[in-house]
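Q: Model the following, please.
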Amino acid sequence: MTCCGECGGSTSWDDDVCSTICTSCGTLQDPSQSLLASHLDQHDNSARQYEKPLWTPSTTLKSIRGAGWNLGGQGKEARDSKNTYAMHDFIRSISTRLSNPGLSPRAATIFTQAMAAGHYRWGRRAKLTAGASIAIALRESHKPDSLRDIVYLIDESFSSVSRAFTGVIALLQLHVPLSDLAFHLPALQVHLHSLINPTPPPSPLPPALLKQISQLSLPSVMHTANSLCTLVNRLTSSLNRLTTPPTSCAILILSLEAEARTSLLHCGELSQLLAARFGLAKGIVMTRYKMVYDLIEEWIREVPWLDQFDTKGKEKGRSKVAKRIVVARGIKDVVQFQEEIWRKKIEMQGKLHLELEEGDDDDKSDDDTLSTTTASSSSKRMQAPGSSSGHTRKKQKMGHRDLEDASQFLLNPLNSPLPAITDPSRPPSLPDSRSPATLTTSPDSCSTTAPLLPLTSYLLTASASTLSLSHIPSRLQLLAAQRVGGAEDVGDDELFAEGELDGFLRSEDEVEQLRQVLGWEEGTHVEEESDSGEKTSKGPKHAMKKSGTTRVDMDALAKLLQGDLDEDKNDMQPPDFDITTTAGLEEIEDWRPLSPDGRDPFYDGMDRYDEEC
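A: Okay, the predicted model is just below:
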C-alpha cells in the first residue's frame with residue numbers, strides 16, 4: 001500500500017475513479033485517469049430476461065404434417081416464443097404507463113402460468129389475460145388494481161377485463177388481498193339505507209341528521225363516492241397499505257357532505273354506526289376521515305375557481321367560512337378536475353398496439369365468454385347433420401308444394417316462381433300506379449304463374465340508396481325490375497295507366513274552374529249516348545274513342561272559328577273594278593290607256609315589260 005504524496009496518509013483503490021485515493025485528504029494518486037460516463041449510467045435490466053437471443057440458428061426441420069420441410073422460425077414453438085416475448089414487452093409497457101415498472105416480472109409470470117394452465121390461444125384472449133395479470137400483480141402489492149386505466153390502455157371493455165381477472169384468479173387459485181376502496185361501498189349503501197328506513201320505526205340516527213340525510217339522492221352520493229375512491233387510490237400511496245373498510249366509511253361520509261354541500265350534523269354518531277357494520281371503532285373511522293379530508297383540502301388549492309380557506313384578518317383567528325364547509329363544497333369540482341387531468345395525460349400517451357402471430361388454429365373470435373361446455377355442445381350440433389349422412393335417407397312426403405316453393409324462393413329469389421293464386425274464381429286485379437303492390441306483370445310472358453309479391457324482385461335488385469320506406473317505387477322501376485332487358489323493354493304506352501296522364505296534367509279543381517270559365521256543359525255527350533239506347537260511361541276509355549276532346553264544346557269552337565274566317569275573308573277581298581248597271585247586268589267595255597296625268601308605277605312597269613317582250 002502506497003502513501004499519499006500530500007499528507008503521507010494511507011491510500012486505497014477506488015473503482016469508480018480508476019485510481020488510488022487518499023483516505024485522509026482525498027487526493028488522487030493518478031488524476032489523469034478518465035472514465036466514460038456511460039459506464040456510470042444505471043440501466044433497467046428487468047427486460048433482459050425477455051430479450052431475444054442475438055443469434056438464432058437457422059435449422060431445417062422435418063414437417064410432421066407432410067413430406068415437406070420447415071425452415072427455422074416457422075414452427076409452432078418459434079411462434080409461441082415470439083408471441084410470449086411480445087406479450088412480456090406489452091406487459092412491461094403497461095406497467096410503466098401505470099408508474100409501477102417493478103411489477104412487470106410478477107405480472108409476466110402470472111401471464112405465462114395462466115396461458116399454460118388454461119391452454120389459452122394467442123389473440124384477444126391473451127391480451128385480456130395480460131391485463132388481468134397486471135391487475136393481480138397490483139393487488140398482491142397492496143395497490144389498487146387500476147382496472148379502468150388498464151381497460152383504456154389495452155382498448156377493451158371493462159366487463160371483459162373483469163371476467164378475465166376473475167377467471168385467472170380462479171384458474172391459478174390465487175389469494176388476492178382487497179385493496180380497492182370501492183369494494184365496500186355496496187355493503188355500506190345497504191347499511192345506510194337500513195339506518196334511514198329501519199324495519200322497526202325508531203331510527204338509531206339523530207333526528208337532525210336523519211332529516212338532513214333523507215333529503216339527499218343516494219345514487220348521486222354513491223357515484224361521488226366511487227369517483228373519490230378512484231381518485232384516492234390513484235393519487236396517494238399513504239392509504240394503500242392501510243385497511244380499506246375504515247377508509248371506505250370515511251369516503252362515504254365525505255360524499256354525503258359533498259351532496260349536501262355543507263358539513264353533516266352529528267358526524268361522530270354517523271361514523272360510529274357505519275363502523276359497526278365492519279366491527280370497527282369510531283376513532284379509526286374519524287382518523288381516516290381526517291386524512292382524506294386533508295388530501296382534498298390540498299387538491300382544492302390546485303383548482304383556481306374554488307373558494308380557499310381564508311381567515312378574518314392577517315393574524316390567525318377564526319375563518320370566515322368553516323373549513324369543513326369549504327371542503328364539502330369543493331369535493332365534486334376536485335374530482336372532476338383531477339379526472340380531466342388524468343384523462344388528458346393518458347390520451348397524450350396513447351394506446352398500446354400489440355401484434356401477434358396467430359396460427360390457423362388460434363381463436364380469432366371476439367367473444368371471450370365461450371366456455372368449454374359451450375364449445376363442446378356447439379361441436380356436437382355441428383356434427384349432428386354429418387352423423388346421419390351415412391344412413392339411408394327417408395322418403396320425403398309428397399303434397400308440400402307450397403313449402404317447396406317457399407324454400408326455393410328463399411334460396412334463389414330472382415329465378416324461382418312464386419306460389420300461384422289458389423282462388424280461381426277471383427278475377428285478376430288491374431294494374432294501378434297508385435298501388436304498386438297490385439302490379440302483377442311477370443318477367444316471362446309465357447309463364448302461367450302470377451306472383452303474389454310483385455315488389456320482391458325490385459327490392460332484391462335495386463340498390464340500397466334507391467330504396468326508401470317513405471317513397472313508393474314508380475311504375476317504370478317496377479316494370480324494369482321484372483323485365484329481362486330492364487327499362488329498354490318497357491314501352492311508352494306502359495309507363496302510365498289509362499287516365500293517369502290526364503290526372504297529372506290537370507287536377508279536379510282546375511277542371512272545374514275551366515268548366516265554369518269556358519261554359520262547358522257537363523254530361524252533354526252522355527245524354528246523347530243515353531238517347532240512342534247505349535250504355536253510357538264516364539271513364540277515360542270511352543272518352544278516348546270519340547273524335548276530339550270532351551272538355552271543349554266543339555260547336556262553340558266551330559262557330560267562333562267560322563266568324564274569324566269570315567272577317568278575314570272580307571278584309572282580304574280585292575276591290576271590285578267591274579261596272580254593273582242598275583239592272584244587274586255586267587257590261588265589259590274596251591280597254592283604254594291611262595290618262596297621262598295619273599301614271600301608276602305598277603302598271604307602267606307592266607307595259608314596259610310587254611314592250612320588251
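Q: Count the residues that sit near S95.
A: Residues near S95, counting by other CB atoms under 10 Å, number 22. Where you see a C-beta, it was placed from the backbone N, CA and C, and this is true even at glycine.
Q: Can I get the host helix or strand of it in CSV? Just the C-alpha atoms.
A: Using DSSP states H and E, the element containing S95 is helix 76-97. This file holds the C-alpha atoms of helix 76-97, laid out as CSV (Å, rounded to 0.1, in the frame of the first residue of the first chain):
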residue,chain,number,x,y,z
LYS,A,76,-45.4,-23.6,-33.6
GLU,A,77,-42.7,-23.4,-30.9
ALA,A,78,-41.0,-20.5,-32.6
ARG,A,79,-44.3,-18.7,-33.0
ASP,A,80,-45.1,-19.2,-29.3
SER,A,81,-41.8,-17.9,-28.2
LYS,A,82,-42.2,-14.8,-30.4
ASN,A,83,-45.7,-14.2,-29.0
THR,A,84,-44.5,-14.7,-25.4
TYR,A,85,-41.8,-12.1,-25.9
ALA,A,86,-44.2,-9.7,-27.4
MET,A,87,-46.7,-10.1,-24.6
HIS,A,88,-44.0,-9.7,-21.9
ASP,A,89,-43.0,-6.4,-23.7
PHE,A,90,-46.6,-5.4,-23.8
ILE,A,91,-47.0,-6.1,-20.0
ARG,A,92,-43.9,-4.1,-19.2
SER,A,93,-45.1,-1.1,-21.3
ILE,A,94,-48.5,-1.1,-19.4
SER,A,95,-46.7,-1.3,-16.0
THR,A,96,-44.5,1.6,-17.0
ARG,A,97,-47.6,3.7,-18.0
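Q: Pretty sure P144 sits against L178.
A: No: the pair P144 and L178 fails to qualify as a contact (CB atoms under 8 Å) at a distance of 10.4 Å.
Q: who has more neighbours, the two?
A: When neighbours are counted by other CB under 10 Å, P144 and L178 differ, and P144 comes out ahead with 24 against 12.
Q: Provide a list of residues in contact with the closest residue to the more buried one other than its chain neighbours.
A: Nearest residue to P144 in three dimensions, chain neighbours excluded: N233, at 3.5 Å (CB to CB, 6 or more residues apart in numbering). N233 makes contact with 143-144, 146, 179-181, 240, according to CB atoms under 8 Å, 6 or more residues apart in numbering.
Q: got a winner among those residues for most neighbours?
A: The residue in the contacts of N233 with the most neighbours, by other CB under 10 Å, is L181 (26 neighbours).
Q: helix/strand/coil for E355?
A: coil (DSSP: H, G, I helix; E, B strand; the rest coil).
Q: show me where the protein has strands.
A: Using DSSP state E, the strands of the chain run over 11-14, 19-22, 60-62, 69-71.
Q: which stretch in those has the least confidence?
A: Note on the strands of the chain: lowest mean pLDDT is at strand 60-62, with a mean of 52.
Q: C249 and S214: what is the separation?
A: 20 Å (CB to CB, to the nearest Å).
Q: actually G9, sorry about that
A: Relative to S214, and taking CB to CB, G9 is found at 81 Å.
Q: what's the single longest helix in the chain?
A: The residue-count maximum for a helix in the chain (DSSP state H) belongs to helix 323-349.
Q: Just the angle for that one relative to helix 76-97, thanks.
A: 140 degrees (axes from the mean of the first three to the mean of the last three CA atoms, to 10 degrees).
Q: For the nearest residue to C25 once chain neighbours are set aside, give me its contacts.
A: Distances taken as CB to CB, 6+ apart put C7 closest to C25, at 4.8 Å, once the chain neighbours are dropped. Counting by CB under 8 Å, 6+ apart, C7 makes contact with 22, 24-25, 27.
Q: how about C7, phi and psi?
A: The phi/psi pair for C7 (degrees, to the nearest 10) reads phi -120, psi -10.
Q: so what's the nearest residue to V176 once chain neighbours are set aside up against?
A: In this structure, V176 finds its nearest non-sequential neighbour in R139, 4.4 Å apart by CB to CB, 6+ apart. For R139, the contacting residues are 145, 176-177, 179, by CB under 8 Å, 6+ apart.
Q: E298: what's it in contact with?
A: No contacts exist for E298 under CB under 8 Å, 6+ apart.
Q: Local confidence estimate at it?
A: 87.
Q: same check, this time on S95
A: 88.
Q: same deal with C229?
A: With respect to pLDDT, C229 scores 88.
Q: Now do the closest residue to N226 other than its chain neighbours against H223, distance only.
A: Of all residues not flanking N226 in the chain, A182 sits nearest, at 5.2 Å (CB to CB, 6+ apart). Separation of A182 from H223 (CB to CB) stands at 11 Å.
Q: Between those two, tell me which one has more neighbours.
A: A182 (19 against 15).
Q: which stretches of the stretch 451-600 of the chain aren't confidently modelled?
A: 451-472, 484-485, 499, 521-551, 563-600 (pLDDT under 70).
Q: if we go to 50?
A: 451-454, 524-546, 577-583 (pLDDT under 50).
Q: Same check on the stretch 1-150 of the chain?
A: 39-44, 46-60.
Q: circling back: list the buried ones in the longest helix of the chain?
A: Residues of helix 323-349 classed as buried by neighbour count (16 or more other CB atoms under 10 Å): 324-332, 334-335, 337-338.
Q: got it, and stretch 80-100?
A: So, applying 16+ other CB under 10 Å, buried residues of stretch 80-100: 82-84, 86-95, 97-98, 100.
Q: ok, those vs A260, which is closest?
A: Nearest to A260 among these: L98, at 34.7 Å, using CB to CB.
Q: quick one on the thing from earlier: how close does the residue nearest to N226 sit to F111?
A: 25 Å.
Q: do C249 as well
A: From C249 to F111 the distance is 35 Å (CB to CB).
Q: now do A170
A: Distance from A170 to F111, by CB to CB: 16 Å.
Q: The two: which has the busier surroundings?
A: More crowded of A170 and F111, by other CB under 10 Å: F111, with 26 against 9.
Q: Quick check: closest non-adjacent residue to the more buried one.
A: Nearest one to F111, counting by CB to CB, 6+ apart, is S133 at 4.1 Å.
Q: Kindly report the same for Q338.
A: L231 (5.5 Å).
Q: quick one: contacts for that neighbour?
A: 334-335, 338-339.
Q: now M87
A: M87 sits in contact with 108, 111, 126, 130, 354, 356, where contact means CB under 8 Å, 6+ apart.
Q: For burial, what's the neighbour tally of the fifth one?
A: Put plainly, it is L354. With other CB under 10 Å as criterion, L354 counts 18.
Q: Now it: closest residue in space, sequence neighbours ignored.
A: L354 sits nearest to F90 (CB to CB, 6+ apart), 5.2 Å away.
Q: what do you get for the first one?
A: Once its chain neighbours are removed from consideration, A108 has its nearest residue in H88; the separation is 4.7 Å (CB to CB, 6+ apart).
Q: Would you state the helices of the stretch 1-150 of the chain in chain order?
A: Counting by DSSP state H, counting those that start in this stretch, one finds helices in the stretch 1-150 of the chain at the ranges 76-97, 104-118, 124-140, 147-154.
Q: For A281, which of those is the nearest?
A: Short answer: helix 124-140, nearest of the helices of the stretch 1-150 of the chain by CB to CB, at 26.6 Å.
Q: export that closest one as CSV, just CAs?
A: The C-alpha trace of helix 124-140 is given here as CSV (Å, rounded to 0.1, in the frame of the first residue of the first chain):
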residue,chain,number,x,y,z
ARG,A,124,-57.8,-11.3,-27.9
ARG,A,125,-57.9,-13.8,-25.0
ALA,A,126,-54.1,-13.4,-24.5
LYS,A,127,-54.5,-9.6,-24.3
LEU,A,128,-57.2,-9.9,-21.7
THR,A,129,-55.1,-12.3,-19.7
ALA,A,130,-52.2,-9.8,-19.8
GLY,A,131,-54.4,-7.0,-18.4
ALA,A,132,-55.8,-9.3,-15.7
SER,A,133,-52.2,-10.4,-14.7
ILE,A,134,-51.2,-6.7,-14.3
ALA,A,135,-54.2,-6.1,-12.0
ILE,A,136,-53.4,-9.2,-9.9
ALA,A,137,-49.8,-8.1,-9.5
LEU,A,138,-51.0,-4.7,-8.3
ARG,A,139,-53.4,-6.3,-5.9
GLU,A,140,-50.7,-8.5,-4.5
